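Colleague: only the shape, not the letters, is given here:
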């Protein structure tokens, strides 16, 4: 068995096109080689599907700064929690069948992740700024790294759902990329790999050949204008991870063969403190 690297946090997107089964095969191989991995997953496609089943029309809002967010009312929050736990359990079951000792976690697991609720969301509609109240999403404010460290020390592979809890113990919808960044920062991870159904940050949205391959951390703000849709939040997550002490963040394609290895070998967009 080769010498293990530092902790590697991997975020797998929840949108269509992400090849979760293939990723699990690679995770198994890396885990058996002694790599210390933490897997954070998204649920966007599964949440949309469950909402459709229940007759809940998804409501997406765009903030004045251009961030697109799902509005989560009280009913949607409960559905979201159920979907997250279901997806986490499914991933763990897949890994278990491969012989990997995976453990499903969410923010309430050992007080893993405490969040702050954003009860009111400012958004733009027809050129006017409005406010939507009753929202149950928020941001991660603290991570209890010891919960994950104990599992890693015991040879387990943590699989984390993007749910935090308020100080009162109520669940919050949080962004998976930023959850992964908070976990990576708390663990002082060697790297954060954000896998999605896109090659990375593109200069031209429909042109995979326009991939931005290297961004020095100090220049990250210069690239904000290229980020569209969910990529804006991925760059924000990268910034938060690097500010939290992570050395490098890689935004890469989950649809390629061995996506983690491909990212670490130079694929995708690398955002680093030093090259």
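Modeller: Here it is on my side, so go on. No experiment lies behind these values; they were computed from the predicted model shown.
Colleague: for the record, mean pLDDT for the top strand by length along the chain?
Modeller: In the chain, taking DSSP state E as the definition, the longest strand is strand 128-143. Average pLDDT, strand 128-143: 96.
Colleague: what strands line up against that strand, and which way round?
Modeller: strand 113-125 (antiparallel), strand 171-174 (parallel) (DSSP bridges).
Colleague: closest one to residue 152 among those?
Modeller: Nearest to residue 152, of all the strands paired with strand 128-143, is strand 113-125, at 16.4 Å by Cβ to Cβ. To be clear about C-beta, it is placed using only N, CA and C from the backbone, and glycine gets the same treatment.
Colleague: okay, the strands paired with strand 128-143, which one's buried deepest?
Modeller: strand 171-174 (a mean of 25; mean count of other Cβ atoms under 10 Å).
Colleague: need the residues that contact it.
Modeller: The contact list for strand 171-174, computed with Cβ atoms under 8 Å, 6 or more residues apart in numbering, reads 70, 72, 76-77, 80-81, 106-108, 113, 115, 117, 136-140, 162-166.
Colleague: could you redo the last one with a cut-off of 6 Å?
Modeller: 72, 80, 81, 115, 117, 137, 138, 140, 162, 163, 164, 165 (Cβ atoms under 6 Å, 6 or more residues apart in numbering).
Colleague: tell me the SS of the residue nearest to the fourth one when sequence neighbours are not counted?
Modeller: The shortest distance from residue 115 to any non-neighbouring residue, by Cβ to Cβ, 6 or more residues apart in numbering, is to residue 164 (3.0 Å). Local secondary structure at residue 164 is given as strand here, using DSSP: H, G, I helix; E, B strand; the rest coil.
Colleague: where do the strands of the stretch 101-250 of the chain begin and end?
Modeller: For the stretch 101-250 of the chain, applying DSSP state E, counting those that start in this stretch gives strands covering 102-105, 113-125, 128-143, 157-160, 163-165, 171-174, 191-196, 214-216, 248-253.
Colleague: looking at those strands, which is nearest to residue 232?
Modeller: Short answer: strand 248-253, nearest of those by Cβ to Cβ, at 11.7 Å.
Colleague: average pLDDT for that closest one?
Modeller: Mean predicted lDDT for strand 248-253 stands at 96.
Colleague: pretty sure residue 41 sits against residue 12.
Modeller: Yes - Residue 41 lies in contact with residue 12 (Cβ atoms under 6 Å); the separation is 5.2 Å.
Colleague: low pLDDT regions in the stretch 151-275 of the chain?
Modeller: 275 (pLDDT under 70).
Colleague: picking that back up, tabulate the contacts of strand 171-174 (TSV), appending distance to residue 147.
Modeller: Listed next are the contacts of strand 171-174 as TSV, based on distance: Cβ to Cβ, whole Å:
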residue	distance to residue 147
72	25
80	21
81	18
115	15
117	22
137	22
138	19
140	14
162	16
163	14
164	13
165	13
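Colleague: which of these are buried?
Modeller: Applying 16 or more other Cβ atoms under 10 Å to the contacts of strand 171-174, the neighbour count classes 72, 80, 81, 115, 117, 137, 138, 140, 162, 163, 164, 165 as buried.
Colleague: secondary structure element for the third one, which one?
Modeller: I take that to be residue 81. Assigned by DSSP states H and E, residue 81 belongs to helix 74-97.
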